[in-house]
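# Provide a 3D model corresponding to the input given below.
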Amino acid sequence: MPARARLCAYARLVLRITDARTGEPMDATPARRGLTRVEAHTRGFAPTNLRVLLVADLLVRALELGGTPVWALLVGERDLPELRAAGAALGVRPFEDSRDAGTGLGEAQVLHVVSEGGETPDGVRVAVAPVHPEGPGAPDGTASTGPTDPTVLRLALLAHPRSSPLRLDPAVLDDAAGTLARWRGAVAAWAHRPSRPIPDEVRADLRTAWEDDLDAVGVLRVLRDVETAPDLPDGARFETYVYADRLLGLDLARDLGSPA
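As a prediction, this is how the structure comes out:
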């Protein structure tokens with residue numbers, strides 16, 4: 001898409017989500033930017049439920065970046081403390097317990113994040129495909145397994161479309177660990193260079209990706225392009241990665257202050 005067309009499209013962007021009931025895209029938030037309730041529906045403590053929680057976290061972040069107030073709830077009956085702890089390790093923001101939330105606050109929209117074949121609440125449903133752990137080192141739903149840096153698991157989950165089943169094996173985790181280490185090192189190095197603004201077309205590409213059905217894979221693709229773009233100042237690369245990380249939650253600036 002030409003730069004001018006991207007910028008015009010960016011000016012009109014509203015987060016759109018595919019409703020699993022109909023298969024059709026729809027606006028995730030009303031035009032008047034009223035309160036949106038996001039409910040993460042889980043059934044115990046397992047990698048698929050963790051993926052549901054992560055997608056709900058991504059949805060909350062995207063809505064808030066667009067200026068929409070959000071009320072985030074966790075709906076489930078089993079293993080909620082363990083799931084909350086695992087989610088916190090992955091950088092998932094706190095969700096209120098639906099059992100303690102009381103009645104609604106007059107929200108204008110309710111979005112339900114559910115696993116495929118799981119809960120079927122009334123209203124808009126965002127479906128999440130299952131995760132199948134495989135091999136040593138792959139998390140299997142217990143607190144003692146998984147990569148040493150939980151953010152590696154977050155990246156591994158974000159790097160695959162949420163509508164596709166994910167076979168989470170050591171190779172997938174190793175690839176995510178390598179990417180995360182490289183990007184954190186690059187961000188720390190770029191921070192030593194003079195700051196430069198994010199190019200308008202890059203900002204538009206990022207927003208176009210995440211406003212299009214929460215396309216985290218597309219956001220990561222933009223970051224890979226920015227990493228290797230030949231004429232982009234390092235200061236602009238830094239600002240781009242920090243901006244995108246407001247959605248991705250990968251703590252990409254963790255190594256700031258390390259030697260260049």
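# which residues in the stretch 101-250 of the chain form helices?
All helices of the stretch 101-250 of the chain, identified by DSSP state H, counting those that start in this stretch, fall at 150-158, 170-190, 200-211, 216-228, 234-248.
# among the ones you listed, which is the most enclosed?
Among the helices of the stretch 101-250 of the chain, judged by mean count of other CB atoms under 10 Å, the one packed with the most neighbours on average is helix 150-158 (a mean of 23). Using the backbone N, CA and C atoms, a C-beta is placed for each residue, glycine as well.
# mind listing residues that contact it?
50-51, 54, 58, 86, 89-91, 131, 139, 146-147, 166, 168, 172-173, 175-177, 179-180, 216-217, 220, 248-251 (CB atoms under 8 Å, 6 or more residues apart in numbering).
# state the pLDDT value of Pro30.
Looking at Pro30, its pLDDT stands at 71.
# give me the neighbour count for it.
14 (other CB atoms under 10 Å).
# and it, what does it touch?
36, 108-109.
# if we take those residues, which one ends up nearest to Arg207?
Nearest to Arg207 among these, counting by CB to CB, is Thr36 at 18.0 Å.
# now the residue most central in space within the chain: closest residue in space, sequence neighbours ignored.
Centroid check for the chain by CA atoms, centre = their mean gives Leu58 as the closest residue, at 3.4 Å. Leaving aside its chain neighbours, Leu58 sits nearest to Leu214 (5.6 Å; criterion: CB to CB, 6 or more residues apart in numbering).
# give me the number of residues near that neighbour?
25.
# if I read this right, it contacts Ala62, doesn't it?
Yes. Using CB atoms under 8 Å, Leu214 makes contact with Ala62 at a distance of 6.1 Å.
# pull up the overlap in contacts between these two.
Leu15.
# residue ranges for the strands of this structure, please.
16-19, 24-27, 36-41, 70-75, 96-97, 109-115, 124-128, 131-133, 166-168 (DSSP state E).
# hmm, back to that, check contacts around the residue nearest to Leu58.
Leu214 neighbours (CB under 8 Å, 6+ apart): 15, 17, 55, 58-59, 62, 126, 162.
# export these as a markdown table, with columns for distance to Arg196 and pLDDT.
Compiled in a markdown table, the contacts of Leu214 are given as follows (distance: CB to CB, whole Å; pLDDT from 0 to 100):
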| residue | distance to Arg196 | pLDDT |
| --- | --- | --- |
| Leu15 | 28 | 91 |
| Ile17 | 33 | 92 |
| Val55 | 33 | 97 |
| Leu58 | 27 | 97 |
| Leu59 | 31 | 97 |
| Ala62 | 25 | 95 |
| Val126 | 36 | 96 |
| Arg162 | 33 | 96 |
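# can you pick the most crowded of these?
That'd be Val126 among those, by other CB under 10 Å, with 26 neighbours.
# I'd like to know how far that one sits from Gly118.
12 Å (CB to CB, to the nearest Å).
# report pLDDT for the residue nearest to Leu58.
95.
# what's the answer for Gly44, then?
84.
# leaving out chain neighbours, which residue sits closest to it?
Arg78 (4.4 Å).
# can you check Leu15 too?
Ala28 (4.3 Å).
# beta partners for Leu111?
Beta-bridge pairing for Leu111 (DSSP bridges): Val38, Val124.
# any idea how far it is from Val126?
6 Å.
# overlap in contacts, these two.
With CB under 8 Å, 6+ apart, Leu111 and Val126 have common neighbours 17, 59.
# low-confidence ranges in the stretch 101-250 of the chain?
101-106, 136-147 (pLDDT under 70).
# at 80 instead, please
For the stretch 101-250 of the chain, the stretches flagged by pLDDT under 80 are 101-108, 119, 135-148.
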